[in-house]
Structures are given as structure tokens and as C-alpha cells.
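Visitor: Starting from these lines, generate the structure:
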Amino acid sequence: MKMPVYILFLLLVGSLIGCSNHESTIRTELASDSTRPDSEMRGATIDLLEGERVKTRIVADRILKFDAKDSTMGYVVHADFFDSLGNITTKLDGDSAYIRESTNHLHVFGRVVVVSDDNSTLETDYIHWNPDIAKIQTDAFVKVTRRGDVVTGWGLETDQRLKRIKILRQVSGTIQNTDEAGLK
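Guide: So this is what the prediction gives:
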């Protein structure tokens, strides 16, 4: 009977080790003051506004709101980013997301895929949308695909339309025209 308990323990430890540092830090922060959300919604939509204009629309299968932390957690997340005319410039999908509502900072975890209006694609397991500088940021492994070119590396900073991309470390791949690709 000790063997199944031991295996269960190893699986639990393995799953905890496998969580990203970002996600586990956020989960710990939310759980530290309140173990239960103030509200829970299914199939909900959150709009992040700039004045009266919608900048980002987030749709999630499940949303947990933590009023004391000014935070919302979403699961199975899709987001649309809009330009000043209300056109969708970028689409984002991820397993889960954390939104700090007063600042509109968005953290997305899991299988994160960002697709711009010109079909440039960013794939990673974590991004942070930083509205203070209007940039997508990550320190995780990234794969960027644009017009058949594929570039990978660790860490990234880019605008919401994936036009000016800066991969921070261990860049590899083959691109045909670095000026056109927008890579530094």
C-alpha cells in the first residue's frame, strides 16, 4: 500500500516543479489573502479600456475575480487587441490569464499563441502585456513565424502587432530579409 502513496507523492511534486515560476507566483499571491474568489463566472468577457475605447477584449471559459487583490484569473482565454479605429490588430490564445484590473497588465500562461493581422505568429508558454509601454514581454522560450521564416530564442519584447520584435538571448533560425522581418 505504500507504493501507490509514494507514486502519488512523486506525481504531485512533479506537477508542482513543472509549473512556471510566473504562474506559481501569481497563484500564491492570490491564495495568500483569500482562498476563495469573490465571484466566479463562466463564459465571460472582460474589456480593458482606454477612456471609453476598448483596447483589449478578453473572453474566457471561466473567470475568478479577487476584489481584495484587484485581480482576475481566467481559464481557456482568447483576447483581441484593437487599434484606435476599433479594428482587431492581434489575437491571443492561452490556457490561463491573470489581469491586474487597475493597471490593465495581462499575464497569459500555457500554450500561448499570438497572431497579428499580417499572420505573424508568436508561440511561447508565457507573455506579459505591459500597457505602460504598449509591449508584449516574456523571458520564456519563443518561436516567431513570419512569411515562412522561423526564429527562436529566449526572451522577447515586441509591439502588439508583432512588427518590431526583439528576441533577447540565444537567437537561432533562418530569415531571408532582416529589415523586412523586423528582427534585431
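
Visitor: so where's the chain uncertain?
Guide: 1-35, 177-184 (pLDDT under 70).

Visitor: So the spatially most central residue of it versus residue 128, what's the distance?
Guide: Centroid-nearest residue in the chain, with Cα atoms, centre = their mean: residue 108, separated by 2.3 Å. Here residue 108 is placed at a distance of 8 Å from residue 128 (Cβ to Cβ, to the nearest Å). Just so you know, the C-beta spots here come from the backbone N, C-alpha and C atoms, and that holds for glycine as well.

Visitor: ok so, going back, beta partners for the residue nearest to the centre of the chain?
Guide: residue 97, residue 127 (DSSP bridges).

Visitor: before we move on, what about residue 166?
Guide: Bridge pairing for residue 166 - DSSP bridges - gives residue 157.

Visitor: This structure: strands as residue ranges?
Guide: Secondary structure of the chain (DSSP state E): strands at 39-50, 53-66, 71-82, 88-100, 105-116, 121-130, 135-146, 149-158, 165-174.

Visitor: Now residue 39. Nearest residue, chain neighbours left out?
Guide: Leaving aside its chain neighbours, residue 39 sits nearest to residue 65 (4.5 Å; criterion: Cβ to Cβ, 6 or more residues apart in numbering).

Visitor: How about residue 61?
Guide: Per Cβ to Cβ, 6+ apart, closest to residue 61 is residue 76, 3.9 Å.

Visitor: what's around that neighbour, how many residues?
Guide: Residues lying near residue 76 (other Cβ atoms under 10 Å) number 14.

Visitor: ok, now which ones touch it?
Guide: Residue 76 makes contacts with 60-62, 95-96, as judged by Cβ atoms under 8 Å, 6 or more residues apart in numbering.

Visitor: Can you say which two of these are spatially most distant?
Guide: 62 and 95 (11.5 Å; Cβ to Cβ).

Visitor: Would you mark the buried spots in stretch 70-79?
Guide: 71-75, 77-79 (16 or more other Cβ atoms under 10 Å).
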